[in-house]
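Visitor: predicted model follows, preceded by the sequence.
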Protein chains: 2
Amino acid sequence: MSDTVVVGLDIGGTSTRAAALSLDGVRLGTGRAGGGNPTSHGVEPAAAELLTALRAALVDVDPTRVRAGVIGLAGAGRLLADPHGRAAFDRAWADAGLRCPYAVHGDALVAYASGTAAPNGTVLIAGTGAIAAQVHDLRLDRTADGHGWLLGDAGSGFWLGREAVRRLLSDLDRADPPGELGRRVLAELTGSPEVAARPRATAALVVQAVTRRAPVELARLAPLVVAAARAAEPIALALIREAATLLAESVTRIRPAGTAGPVVLGGGLLTADTPLADAVRAELARRWPDAPLRTAGDGAAGAAWLAARDLPEVIDPAALHALLLPAAT
Amino acid sequence: MSDTVVVGLDIGGTSTRAAALSLDGVRLGTGRAGGGNPTSHGVEPAAAELLTALRAALVDVDPTRVRAGVIGLAGAGRLLADPHGRAAFDRAWADAGLRCPYAVHGDALVAYASGTAAPNGTVLIAGTGAIAAQVHDLRLDRTADGHGWLLGDAGSGFWLGREAVRRLLSDLDRADPPGELGRRVLAELTGSPEVAARPRATAALVVQAVTRRAPVELARLAPLVVAAARAAEPIALALIREAATLLAESVTRIRPAGTAGPVVLGGGLLTADTPLADAVRAELARRWPDAPLRTAGDGAAGAAWLAARDLPEVIDPAALHALLLPAAT
């Protein structure tokens, strides 16, 4: 068994995950903590979650064996540009007993690396938001979308939820009875699938129910669209098709013509077995018939692989990838 | 000169306007005060603006001559359902010396009445937001859209501003140089029309500039789109065409097939001589070749006419409309 250990972290809005792996592919420890994005949660709370996840992953590991680490998070650039944020992360790293350096990368690169060892390719992520990024020499190059719910996130969970509500409101405006998806959305938002005698009154209730919450909460309706599409509900199928087209268009904005690298699909809507994942695969295969399609795997292991591949003893990064991330094909 | 006076008020988000008119068409007084929408401004401040506008309009009028009044405002139904709000408006009415009753109607009905005396027809309003409403016997019947910027307002000033930013972000994602409209939007948001060496950095500045303000402030970019469309800028022309189609679709949701009544265009984007007004007229003429197209006029006078037409001495409401609102054709 290799003496060398690498550590990877995948810091997201709702959870922080850490993995400690030996270079022969043994998972020595994993850790999990709360959401730790320094942009949304603040630097100190984010660093505290980082430390919690690290300590859990290292509980059975001598930290002096750890030779490299990578932290993946959304807004990596902002953290690196903020001396206070960087110092807080440095302290957490040292408090976990780690003496090696670490690098910080965008979550999109970590998602990409969790799905492929190819140095050049594309990653497309759809969860609450949506972003596509081109990867060159295992660095994020250009990105498309990721502009947030107000201006972007086309084809994301937010987008699916908002469009489902818009279709419902359109039915109510026309005084047409909502379809199955509309009734489910109505029940979720107002507690009842029934439309009042004056549909305008129901529309007002729907708008109130949405605007009482933060806009991004519209993403909570996305599972209703996914479930309805599974049941072949026509509006849901149309929304899924449109979302897949929008996501593929984001890829088109940045993927150079003739690129041979893989496309890695990440984010909750594309890594699970959803109708949207199927539709996106079909749309990508239509536009890039030769591109291998991959699915993002364990982000913490992907980060650990990114850390390991620069170590002098790693001769064959692709072989190491197969060891550390056996599910990635 | 008729002894009878009617009073009309048009209460909007940015101004409250009042008019006192005699039944022979003499404008006896006008008043203007700050925005007075009770939903957005609070009931008491709204009632205070109402009183200010009323007093200005009545400075040369014996208030006992006033026989009827109408107040038009967005969210009229909410005010009528709120005893506290209704009481505050009653007090302002009495404090202005008025002894006659008054009615409260939606701003869409008042806009309609400022453009036509026809009892049945349609009104389409596009300003910061957008709404279409069907009018039956001079009452608001069904409405379409008006659902606010998060879920609706398709084709509105907010929509034009947001789409202009989206097109700019799409150019930046593709690393294409923005066109003339994109450069103007960029200069407005970031202070410079220049794109950084990494267009992603410029995209981040754009997103930050927008998200620093309230979302509805995106409507402030609509004049850039209108100006660019006047100069035949292709993206602006495409956005104007799309907005016109969306606005016409809102009308289609509620205007019964075979309706012969007029369509009144209201709101700042449709009452001014804008490319959007032209495009909407063309689109409506295509869908309803026989519908007379009218433009909303002085809302306070429209409200005053609505008040007057129920008085027993008013035999010919259409003739009175021509007297009170000579610009409406």
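Guide: Everything's here; your move.

Visitor: now stretch A:254-262: average pLDDT?
Guide: Taken as a whole, stretch A:254-262 has a mean pLDDT of 87.

Visitor: how about it, does it reach chain B?
Guide: Yes - Stretch A:254-262 is in contact with chain B by C-beta under 8 Å from any C-beta of the partner chain, via A:Ile254. The way it works is simple: take the backbone N, C-alpha and C, and place the C-beta from them, glycine included.

Visitor: tell me the buried residues in that stretch?
Guide: Buried residues in stretch A:254-262, counted by 16 or more other C-beta atoms under 10 Å in any protein chain shown: A:254-255, A:259, A:261-262.

Visitor: apart from its neighbours in sequence, what residue is nearest A:Val110?
Guide: Excluding its sequence neighbours, the residue lying closest to A:Val110 (C-beta to C-beta, 6 or more residues apart in numbering or on different chains) is A:Gly72, at 3.0 Å.

Visitor: which helix is the longest one in chain A?
Guide: In chain A, with assignment by DSSP state H, the single longest helix is helix A:234-254.

Visitor: which strands and helices lie in contact with that helix?
Guide: Counting contacts by 3 or more C-beta pairs under 8 Å, 6 or more residues apart in numbering or on different chains; DSSP states H and E, helix A:234-254 packs against strand A:121-126, strand A:130-136, strand A:139-145, helix A:157-174, helix A:180-190, helix A:222-230, helix A:275-287, helix B:157-174.

Visitor: report the distance from that helix to the chain centre.
Guide: 17 Å (C-alpha atoms, centre = their mean, to the nearest Å).

Visitor: got the angle for it vs helix A:157-174?
Guide: Counting by axes from the mean of the first three to the mean of the last three C-alpha atoms, to 10 degrees, helix A:234-254 lies at 140 degrees to helix A:157-174.

Visitor: what's helix A:234-254 in contact with?
Guide: With contact meaning C-beta atoms under 8 Å, 6 or more residues apart in numbering or on different chains, helix A:234-254 is reached by A:122, A:124, A:126, A:130-134, A:141-145, A:154-156, A:159-160, A:163-164, A:167, A:179, A:181-182, A:225-226, A:228-229, A:263, A:275-276, A:279-280, A:282-284, A:287, B:170, B:173-174.

Visitor: just name the most buried of the helices and strands packed on helix A:234-254.
Guide: Most buried of the helices and strands packed on helix A:234-254, by mean neighbour count (mean count of other C-beta atoms under 10 Å in any protein chain shown): strand A:121-126, with a mean of 29.

Visitor: so what strands line up beside that strand?
Guide: Its sheet considered, strand A:121-126 pairs with strand A:130-136 (antiparallel), strand A:263-266 (parallel) by DSSP bridges.

Visitor: which parts of chain A sit against chain B?
Guide: A:142-145, A:147-148, A:150-152, A:162, A:165-166, A:169-170, A:173-175, A:200, A:203, A:206-207, A:210-211, A:215, A:250, A:253-254.

Visitor: where's the residue lying closest to A:Arg162 once chain neighbours are set aside relative to A:Gly161, distance?
Guide: Nearest non-adjacent residue to A:Arg162, counting by C-beta to C-beta, 6+ apart: A:Leu218, 4.7 Å away. Separation of A:Leu218 from A:Gly161 (C-beta to C-beta, to the nearest Å) stands at 4 Å.

Visitor: tell me the pLDDT at A:Arg78?
Guide: A:Arg78 carries a pLDDT value of 81.

Visitor: and the closest residue to it other than its chain neighbours, how many neighbours does it have?
Guide: Nearest residue to A:Arg78 in three dimensions, chain neighbours excluded: A:Thr39, at 5.8 Å (C-beta to C-beta, 6+ apart). Close neighbours of A:Thr39, defined as other C-beta atoms under 10 Å in any protein chain shown, add up to 16.

Visitor: which residues touch A:Thr39?
Guide: A:Thr39 touches A:74-75, A:78-79, counting by C-beta under 8 Å, 6+ apart.

Visitor: before we move on, back to that, put the alpha carbons of the longest helix of chain A into CSV.
Guide: Extracted C-alpha coordinates of helix A:234-254, given in CSV (Å, rounded to 0.1, in the frame of the first residue of the first chain):
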residue,chain,number,x,y,z
PRO,A,234,-47.0,16.6,-22.3
ILE,A,235,-46.2,20.0,-20.7
ALA,A,236,-43.5,18.5,-18.6
LEU,A,237,-42.0,16.7,-21.6
ALA,A,238,-42.0,20.0,-23.6
LEU,A,239,-40.2,21.8,-20.7
ILE,A,240,-37.6,19.0,-20.4
ARG,A,241,-37.0,19.2,-24.2
GLU,A,242,-36.6,23.0,-24.0
ALA,A,243,-34.3,22.8,-21.0
ALA,A,244,-32.1,20.2,-22.8
THR,A,245,-31.9,22.5,-25.8
LEU,A,246,-30.9,25.5,-23.6
LEU,A,247,-28.3,23.4,-21.8
ALA,A,248,-26.9,22.2,-25.1
GLU,A,249,-26.8,25.7,-26.4
SER,A,250,-24.7,26.8,-23.4
VAL,A,251,-22.2,24.0,-24.4
THR,A,252,-22.3,25.3,-28.0
ARG,A,253,-21.2,28.7,-26.8
ILE,A,254,-17.9,27.5,-25.5
